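In: Okay, structure incoming, though there's no sequence with it:
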């Protein structure tokens, strides 16, 4: 039963929105109100990996400045727009801003919108907590951030919104990411991606790191979002406002950048390495980089193929056009 | 038969009485040809041995001439009269061999011999699915796969149709057998009943009590003949409607009483039936139950005169009871499938099915009620059954995952030595950035107009350059190709899948048959490979996109081909003593 | 199809029809910029956002690159609206290429909003000096006030407090919604009935629009009024604002708005203040969206019976416009949709589509999830009843006869056909009927023939 309501709501809400459009033309043509469904819920996943930012050419403060301006502009576009920011740290993730619960009027300072000061306060707390967790762990520098965690949090939040009623804003996720992929998160991230696809939540990704992120490319490709790697970092706001501010309603009319080549490589379940070719359990589709006697996921016993035949016989290739 | 054929003079008769047409009979391995001496005669014969079902000959020494009688599967016979018995024997031997051979032959192709229904189903499937038809044409007609191989992988398609077809049941004779008409010779008081196994079966089916009594009494207490005599005596008493006499007789003879009393088994069954009267109305079943326009409906007994005193109630059977019973049994149909010769086996079989069906009907009734009451709102949602992913030992799984993850982390840590910052420094710089923006505020303007314009121009250029790649980000590479190429690639993809499926499923090679199949498949795959190569070459403008799609297909085929080669080499190495190469 | 009688322009159309001078002045107020930005179509919003930091001309071609070919009309509509509102200005360069530039005042204001946040022109009064009603009370008050006002429209005799509606407001409604013949009680016009079936935001905007459009008669500048109203919509619901911060004109306006339940006026010992309600803070948002809709309460069954879970007297009155009341329980109104009741509604000028969309919009949450929320047989029947009434179509026309010759007659017929105005012809007797629109052309043509 758990997943049924969410599906129902998404389905009906999409339908309702269609219907609204049509009957508006019927009945309110006299008022010529264009009832547009651009009410959006934007969940921003912000990478706060200190190792990335301290080695990166763009200052984190500049980046924050661009992001905050962008968030303000989203809230400016429609009174009912909602913005949620989740910090993706090294050791933890956390909600650092939610426009639906924060009352923006208490902290008006005059120098910057209330959103920014609220968010920055929470961000500082988060960074402290993240550092504390890192000390306990004492594992040393982990290059990647916990993208899987923040994706899951975003999806949970969106599921709650779906359940709140038929008239909810249209959600989408925006990943602002810079640190490299953590292959050990492969399974968790893919699960999050597929659950986003199922609930029709597009994942946009703006990747500022040096190489392309295969995870985010796949995430955007599978969920129908936009993946973009901005070449000019001092103009990030312009990328935000031109590409990522586009609400889902307008996306039907527009041409948005699309990635030409998507890296579809998977990580193996056994050593968490990105592999080109590997073994797939025919029962549960787990991926392994070397031959095992037994599937570690479902326990199926693999047949003993002849040693020399094996290399060719069991290799299958994931193709993108199937 | 070293010669492989026999030629004899013979006369050909279409029937025993036919005087026969003289001519020459020529028999080859699979054919019989008869040519009359007179070419104008119409009695030519040219037929294959596989149509012949049996052969008979006349015995030497009997007064009959030497005849060979061949009968085909339709029961038509061909008689040949030879000049002498030695001729006949030669021919008989030949025919015997030939028949044995042609019996062997169908065994090999037996799965090819399909009922026409099967054939029609396949044809229908092919007509419905043009993709399938294309494949069929390419591989089956192209000789890569045989018909049965092709369909073997598609059993499911065929099965669905098969399950729809149910066997037709043999019906139950719908005449009131209870009215087995006595024939009297008119002179004496003797009344004769004619009894056939069929009638016995019907009596058993209609009257469970009689069946029970039969099992009880015969042959321990009385013979079968006595049993039936007693039964019909009771029946006769009923038919005369002499309830008083019936009661009197029953008092004298307890066995007779069994037949005269109401059938207890029937009664209990009736009670059960009343209990399970369906609360819902089955309109479909009641349709066409309207017999009112038929006044008499062929009833032999006249129910109107059935009056009797209340004290003999026990021995009275009404017409409606009989009719109902008859109707019920007819509807049930013939439930047992045994030889009707032995009344005892029939009775036992019937008793068995009765017990089984009670359980079934109960279940059926419940099903039907739930079907009838299937109003959406009242039903709990019908959850489709699913098989949950079963992780055999979760602890084991997660532990090993964890261990591996940590291991890779350590690996990657080594890799990331170049970022030589301590966590303190890194977090410190992050915090400094946040502090900075808190004090200074957002930079204004956030982007300079020049940069903004540059970015917008750059993005627009990006957009227009990818314009040719299709409408939206959702479509795959395939959609960007011209339609013809796309279709072609799709078809090649389907056929490569089909070939690979057959290829891998024939390993390990154990029979020469598989050996041949694999080599045929290999040829077809190499052909396909080169075709793919051609497509790549032909669409030079879209080379990148095409190769994106073609590459994985070629890789799969390559893997199969190389497997074939290594297997061949191994066989060659091993097969010095076994020239065939298969184990 | 019956003509829709209220042809009120969109509020933004009204804004865009203001002279350029006034528009530019309006844009000096950041709140108006924000309100107007929010009122735009999503696509237009996106265009504004992407031009926010660009101070040069941008080629039209460049923007067109982004649009999918099938949706070019959307792009056109969005740009037209931006040009109308003078947010974008169009210039044609030497190569005859169209270029756009964003209004710099508008741009500066939005940039400021993004970076510095918004600053209201007046601070709310500190909470300890005033006793504020709870948000629920405030909303109840607003709705009650609004309903009372609507009820007055339907049956003025029922309104006991009729004197409380100011003359300025009543004047507004008399314009279109009420008709008053001498000595008779005011009656609702067709537009009045249509008005009742609209949802609250639409009604509100209709009233506000009327209020603004006859502001000139009261000697109030419409641009000032617009900017004040939009500004008001950015105030915080439930906070108190001192009346001293307003000028005289604004104070009068506030009093009028209080009658409608847009604000609540309260008086302390020394000062008086106003508290904005949801109605007014929704004003700028409701320009575009319908999400502020309240929960529905109507269940329509396939047997044409209608159950409305409501205690509202107003609603009962509205339902009676097109359904016959069967019985009323404390929280439930049961009525039946009958041919007579629907015909009654048609008589009043309510259209089938309006009734249906009213039922759909107010569908009870239980049935709202169903698709369709109103049974199809009911909606179909209502539409059928409507089309029953429209079997005869009246077209104003002119009748021609006594043509001098067959040639002239045929030529005239052709001419009328060309203008798509030939309704009927009788070639034997040489007579024809021409639509009124085509009459001028045919007459002109015949005159030339002579």
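Out: Looks like it arrived, so ask away. Everything numeric here is computed off the predicted structure, so don't read it as measured data.
In: where in the chain is pLDDT low?
Out: I went with chain A, as the question did not name one. A:1-37, A:102-113, A:136-142, A:166, A:260-261, A:304-322 (pLDDT under 70).
In: that answer is for a different chain, and I need it for chain C
Out: Using pLDDT under 70, chain C drops low at C:1-13, C:127-128, C:153-190, C:193-194, C:199, C:284-295, C:450.
In: In it, which residue sits nearest chain A?
Out: Nearest to chain A, among the residues of chain C, is residue C:117, at 3.2 Å (Cβ to the nearest Cβ). (Glycine included, C-beta is placed from N, CA and C.)
In: ok, that residue to residue C:39 distance?
Out: 21 Å (Cβ to Cβ, to the nearest Å).
In: quick one: the strands in the stretch 101-250 of chain A?
Out: Along the stretch 101-250 of chain A, the segments classed as strands by DSSP state E, counting those that start in this stretch run A:170-177, A:203-207, A:227-228.
In: now what about the second one, what contacts it?
Out: For strand A:203-207, contacts defined as Cβ atoms under 8 Å, 6 or more residues apart in numbering or on different chains pick out A:151, A:172-178, A:193, A:196, A:213, A:216-217, A:219-220, A:223, A:225-230, A:236, A:239-240, A:243-244.
In: please redo it, this time with the cut-off set to 7 Å
Out: Residues outside strand A:203-207 that contact it (Cβ atoms under 7 Å, 6 or more residues apart in numbering or on different chains) are A:172-177, A:193, A:196, A:213, A:216, A:219-220, A:223, A:225-230, A:239, A:244.
In: What about chain C: which of the residues you listed touch it?
Out: On the criterion Cβ under 7 Å from any Cβ of the partner chain, none of the entries of these sits beside chain C.
In: Grab the longest helix from chain B for me.
Out: helix B:543-574 (DSSP state H).
In: So is that one next to chain A?
Out: Yes. Using Cβ under 7 Å from any Cβ, helix B:543-574 reaches chain A at B:549, B:552, B:555-556, B:559, B:562-563, B:566.
In: Break the chain down into its structural domains.
Out: All of this is about chain A. A:40-252, A:266-321 (automatic domain parsing).
In: was after chain C, sorry
Out: For chain C, the structural domains run C:11-116, C:127-281, C:298-389, C:397-449, going by automatic domain parsing.
In: Reformat those domains as TSV; add mean neighbour count.
Out: TSV is the format used below for the domains of chain C (neighbours: other Cβ atoms under 10 Å in any protein chain shown):
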stretch	mean neighbour count
domain C:11-116	18
domain C:127-281	17
domain C:298-389	18
domain C:397-449	15
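In: between those domains, which one is nearest to residue A:262?
Out: Of all these, domain C:11-116 sits nearest to residue A:262, with 21.5 Å by Cβ to Cβ.
In: quick one: what helix or strand has whichever residue of the stretch 251-400 of chain C sits closest to chain B in it?
Out: Closest contact between the stretch 251-400 of chain C and chain B, by Cβ to the nearest Cβ, is at residue C:370 (11.8 Å). Here residue C:370 sits in a region with no helix or strand, counting by DSSP states H and E.
In: Let me see the contact set for it.
Out: Counting by Cβ under 7 Å, 6+ apart, there are no residues that residue C:370 touches.
In: And it, its phi and psi?
Out: phi -70, psi 150 (degrees, to the nearest 10).
In: I'd say residue B:518 and residue B:509 touch.
Out: Yes. In this structure, residue B:518 is within contact of residue B:509 by Cβ atoms under 7 Å, at 6.1 Å.
In: so what's in contact with those two at the same time?
Out: Common neighbours of residue B:518 and residue B:509 (Cβ under 7 Å, 6+ apart) do not exist.
In: Deepest-packed of the domains of chain A, please.
Out: Of all those, domain A:40-252 has the most neighbours on average by mean count of other Cβ atoms under 10 Å in any protein chain shown, namely a mean of 21.
In: ok, how many other residues are close to the nearest residue to residue B:72 once chain neighbours are set aside?
Out: By the measure of Cβ to Cβ, 6 or more residues apart in numbering or on different chains, the closest residue to residue B:72 outside its immediate chain neighbours is residue B:51, 4.8 Å from it. Residues near residue B:51, counting by other Cβ atoms under 10 Å in any protein chain shown, number 14.
In: One more: residue B:431?
Out: When neighbours are defined as other Cβ under 10 Å, residue B:431 has 17 of them.
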